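*Asks:* Predicted model and sequence below, questions to follow.
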Amino acid sequence: MRYSQLFLPTLKEDPKEAEIVSHKLMLRAGMIRRLAAGLYTYLPLGLRSLRRVEAIVREEMVRAGAQEVLMPLVQPKELWEESGRWDKFGKELLRFKDRHDRDFCLGPTHEEVITDLVRNEVRSYRDMPLNLFQIQTKFRDEIRPRFGLMRAREFVMKDAYSFDVDFEALDRQYWNMYHTYTRIFERCGLDFKAVKADTGAIGGHESHEFMVLADTGEDQIASCTVCKWASNIELAEVAQENGHLVDRDTPEADLKEVDTPGVKRAEDVCAFLNVPIDKLVKSLVVQTDKGDVVVAMVRGDHELNEVKLRNALGAEDVRLADDETVRRVTGAPVGFAGPIGLREGVTLIADRAIQGLKNFVVGANKADAHFVNVNWARDVGDVVFKDIRNITSEDVCPECGAPIEIRRGIEVGHVFKLGTKYSEAMGATFLDKDGKERPIVMGCYGIGVSRTVQAAIEQNFDENGIVFPKSVAPFDLIITIVNIKNEQQRIAGERLYEVALKAGIECILDDRNERPGVKFKDSELIGIPVRLTVGKRFEKEGEVEVFYREKKETKTHSFDELMDNIEKVFDNV
Ligand code: ATP
Ligand code: MG
């Protein structure tokens, strides 16, 4: 491609609409443009990178034995009613009517459609194992689209679905996909980690997320510094705690209510009462999808984990109670809840870390007041103790006891053992060897293709712009003619360009009539791994400079040598 003809609008300044570096760089490098919230157009450079990731994904999926299909983006309501998700999915599911007043939605995922397909076509155990995938646009009406392609409303996903006769066979497909994902993200040049993930309302079965490590990631992941254990913080179990035994021999003091005027935050309450933060118990009033009201308690310096709480309560959903509910059950304004003196029918659940506490502080269910010297059995009564807090970097690995670390990650892939949830709900069955009808055992496997492109940038940049891994770069090579008006330089550049194209190298010829500084800057901004410079040095010595974007190294090669074997410039990448 000739730069002079390329649709590549680069920007000098950071655009205001972008917060994180990869989003800024994608806009500055002319890869994408925003149409509306969470909707983006891919410009030629952006599309090229997207296609490269797609190609890697496709190649590895096919190598793993999966077959490509393409399903409609628009899906009928009836299928979603069969699975029970038409009402449950929430507002991310964009619902609409067609001209005949029939209900449809834009596909945020395709379990329903694929299960419908398979229930009609797969009859016998002989038709399985089966793994079908597609690479397609998804739509999710995200509440907070942000960070460009990272959390878009319209985005490109690879979704695969596996079908098996039993859980053992599913296990094989699952690990096959797990290893395939590992190869895919390795080929994309990413620094990533596979972590255990929540299986949500479906429950019970296994799931892993593939996380690209980056400080701007929306997920937090905990991993062991010694063994292989790694988990999304959402479900990272806290090792059995012994800290709570420390208070065992402390005598119980008298319960007292104290005035705490104007102090609300945990730290402020502790400072005011002069007690350490680990003697304060925070109480959060939450509601489940079933309408139960629960007071969940964690230590002052710990965070409540909603996923663990949800699982501990066996609920499909938990959320902080609205102000009115808080007032109703506590009899106090929001911010003073505690476990003593609540209205009947409120469930109490507390984190294991506070089980052994004695003489601790809680909110008094009264404005500007706290109880001190609280003790569980004497003052609180029935409480269930469970692991309901976020793991912290002070905790140890639940598997081997070694120190752990907590980092941020971007979820680029997700593998999930679905089991028979959809096949049972939608009647996708097969006849086994004995002629018995059984539900098909399913798995699903997603990759955020467009998110992966941006994640690669979030991990690979410097002060001059993007530093693409070669496999994801929109072009492999850029040939810069320093002075396009110089015949000798121009012809040499053109000849190199021709041999590069012949060798199948994706290549840009920078043939613009621009100052050399501008050309160098642009080539670095858009992150092309290798640049050949044809300038004065060529005129004098017949030499071409080779610049390696990542290492920022320059080498020289003779023009003739490169004409013979241009691929050699990649030896060093
Ligand atoms: P998230 O937790 O980030 O919302 P998810 O768990 O809902 O994602 P999945 O249903 O597992 O997403 O979808 C498979 C993959 O699709 C994810 O691993 C992610 O890479 C990608 N993805 C999901 N939502 C978005 C989005 N809004 N924009 C871009 N990519 C997305
Ligand atoms: Mg996911």
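*Replies:* That came through fine. Ligands and ions are numbered 1, 2, ... in the order given.

*Asks:* Check the secondary structure at the closest residue to Ile481 other than its chain neighbours for me.
*Replies:* Nearest residue to Ile481, sequence neighbours excluded (Cβ to Cβ, 6 or more residues apart in numbering): Gly493, at 3.8 Å. To be clear about C-beta, it is placed using only N, CA and C from the backbone, and glycine gets the same treatment. Three-state call for Gly493 (DSSP: H, G, I helix; E, B strand; the rest coil): helix.

*Asks:* One more: the one 5 residues further on?
*Replies:* What three-state DSSP gives for Glu498 is helix.

*Asks:* residues in contact with it?
*Replies:* Applying Cβ atoms under 8 Å, 6 or more residues apart in numbering to Glu498 gives no contacts.

*Asks:* what about Trp175, which SS state?
*Replies:* Classified using three-state DSSP, Trp175 is helix.

*Asks:* no no, Phe430
*Replies:* Phe430 is classified as strand under three-state DSSP.

*Asks:* Phi and psi next, for the residue of the chain found nearest ligand 1.
*Replies:* Here the chain gets closest to ligand 1 at one residue, Gly448, 2.3 Å apart by Cβ to the nearest ligand atom. Here is the backbone geometry of Gly448 (degrees, to the nearest 10): phi -80, psi 100.

*Asks:* Get me the contact residues on this protein for ligand 1.
*Replies:* 109, 140, 142, 151-152, 155, 157, 411-414, 446, 448, 450-451 (Cβ under 6 Å from any ligand atom).

*Asks:* Inside helices: which ones of those?
*Replies:* If you go by DSSP state H, these have Ser450, Arg451 in helices.

*Asks:* Among the residues of the chain next to ligand 1, name the ones in strands.
*Replies:* Phe155, Met157, Glu411, Val412, Gly413, His414, Gly446, Gly448 (DSSP state E).

*Asks:* what's near enough to touch the fourth one?
*Replies:* Right, Val412. For Val412, counting by Cβ under 8 Å, 6+ apart, the contacting residues are Phe185, Leu190, Phe192, Phe210, Met211, Val212, Ile447, Gly448, Arg451, Thr452, Ala455.

*Asks:* at 7 Å what do you get?
*Replies:* Phe185, Phe210, Val212, Ile447, Gly448, Arg451, Thr452, Ala455 (Cβ atoms under 7 Å, 6 or more residues apart in numbering).

*Asks:* The residue nearest to Ile481 touches Asn483, doesn't it?
*Replies:* No. Counting by Cβ atoms under 7 Å, Asn483 is not a contact partner of Gly493; they are 10.1 Å apart.

*Asks:* Could you check which of those two is surrounded by more residues?
*Replies:* When Gly493 and Asn483 are compared for neighbours, Gly493 comes out ahead with 25 against 16, by other Cβ atoms under 10 Å.

*Asks:* Which member of the residues of the chain next to ligand 1 is positioned nearest Asp171?
*Replies:* His414 (17.1 Å; Cβ to Cβ).

*Asks:* Could I get the contacts of Val412 in CSV, plus columns for neighbour count, pLDDT and distance to Val53?
*Replies:* As requested, these are exported to CSV (neighbours: other Cβ atoms under 10 Å; pLDDT from 0 to 100; distance: Cβ to Cβ, whole Å):
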residue, neighbour count, pLDDT, distance to Val53
Phe185, 26, 98, 10
Phe210, 26, 98, 13
Val212, 26, 98, 12
Ile447, 30, 98, 9
Gly448, 26, 98, 10
Arg451, 25, 98, 10
Thr452, 29, 98, 5
Ala455, 31, 98, 10
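
*Asks:* nearest to Gly300, of those?
*Replies:* Val212 (33.3 Å).

*Asks:* any idea which element the closest one lies in?
*Replies:* Taking DSSP states H and E as the definition, one finds Val212 inside strand 207-213.

*Asks:* I would like the residues contacting that strand, please.
*Replies:* Contacts of strand 207-213 (Cβ under 7 Å, 6+ apart): 178, 181, 185, 190-199, 217, 219, 221, 232, 407, 409-417, 455, 459.
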